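Take a look and give me a structure for this.
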Amino acid sequence: MPLRFERAGIIFALLLSSSLIPAAAQMSAKGKISGKDFDNAAAEQAKRYLEEGRETFRFDTFRSEDFWGGKLKLHKAIAGEKLGGRGPGLSPKKALELGLKVDVNAIPKDVAEALNKGAVDLADPASTLVLLRANAVVGVTGFFAEDGKTLISVGIQCAVCHSTVDDAYAPGIGQRLDGWPNRDLNIGAIVALLPRCCRYQKRR
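Residues are numbered from 1 along each chain as shown. Got it, this is the predicted structure:
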């Protein structure tokens, strides 16, 4: 056997043994590890992976805001002219008509109380921005300026198409149902909200 392979084999054996020493010491200190211990550890790890995956599924935009906000300026159509955007804006009522869903558990307590009293104007785009700030619009993330009021971009997550709600509060408003298809979502109508300058860009 060539000398370099022999040396590589020795180094690998040393690394392997050093990685096994802590585990062996732990086993000798605590006694023999049972199959139940391994099952519990595997279950805890699976639970952690599930929670991490759910967070990614629900809230990771994968930088899609560079497209929806940066290129298409969808946030301007959502905010409307009165709030620094363009056009009439997107009210919660219109958003629900387009198939977007609202996570009732994410609605701020004071907003929920006002909603119950009928004190929230569902025809006002400003109410949509309140929901976006609370991450209550399923599958949609609003990015705001430092003042916390001006919508400067918007991105989407997997959940926008692959989640819905149980309509526990009202049609389109309820608890999340992850992995269920959003059969009401009208992507064409949402794209049609884009500012005219972005819908009819000249091809280079």
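
Am I right that L129 is in contact with A145?
No. Applying Cβ atoms under 8 Å as the test, L129 and A145 come out as separate, 11.6 Å apart. For the C-beta atoms, the positions are set from N, CA and C on the backbone; glycine is no exception.

and the two? which has more neighbours close in?
L129 (25 against 11; other Cβ atoms under 10 Å).

Would you verify that the more buried one is located in a helix?
Yes. Under DSSP: H, G, I helix; E, B strand; the rest coil, L129 sits within a helix.

And the closest residue to L96 other than its chain neighbours, how far from P195?
Leaving aside its sequence neighbours, L96 sits nearest to G172 (Cβ to Cβ, 6 or more residues apart in numbering; 4.1 Å). Computed as Cβ to Cβ, to the nearest Å, the G172 to P195 distance reads 25 Å.

Which one of those two is surrounded by more residues?
G172 (21 against 15).

Residues in contact with stretch 168-179: which ones?
For stretch 168-179, contacts defined as Cβ atoms under 8 Å, 6 or more residues apart in numbering pick out 54, 57-58, 96, 99-105, 138, 159, 162-167, 184.

So which bits of it are buried?
169, 172-174, 176-177 (16 or more other Cβ atoms under 10 Å).

Skip the chain neighbours and tell me the closest residue to the residue sitting nearest the centre point of the chain.
In the chain, the centroid-proximal residue (Cα atoms, centre = their mean) is F59; its distance is 1.5 Å. Spatially, and ignoring its direct neighbours in sequence, F59 is nearest to Q157 (6.1 Å; Cβ to Cβ, 6+ apart).

Next up, the contacts around that neighbour.
57-62, 139-141 are the contacts of Q157 under Cβ under 8 Å, 6+ apart.

and those residues, which are buried?
Buried members of the contacts of Q157, counted by 16+ other Cβ under 10 Å: 57-58, 61, 139-141.

Show me which pair in these is furthest apart.
Put simply, by Cβ to Cβ the two of the buried ones among the contacts of Q157 set farthest apart are F57 and V140, 13.6 Å from each other.
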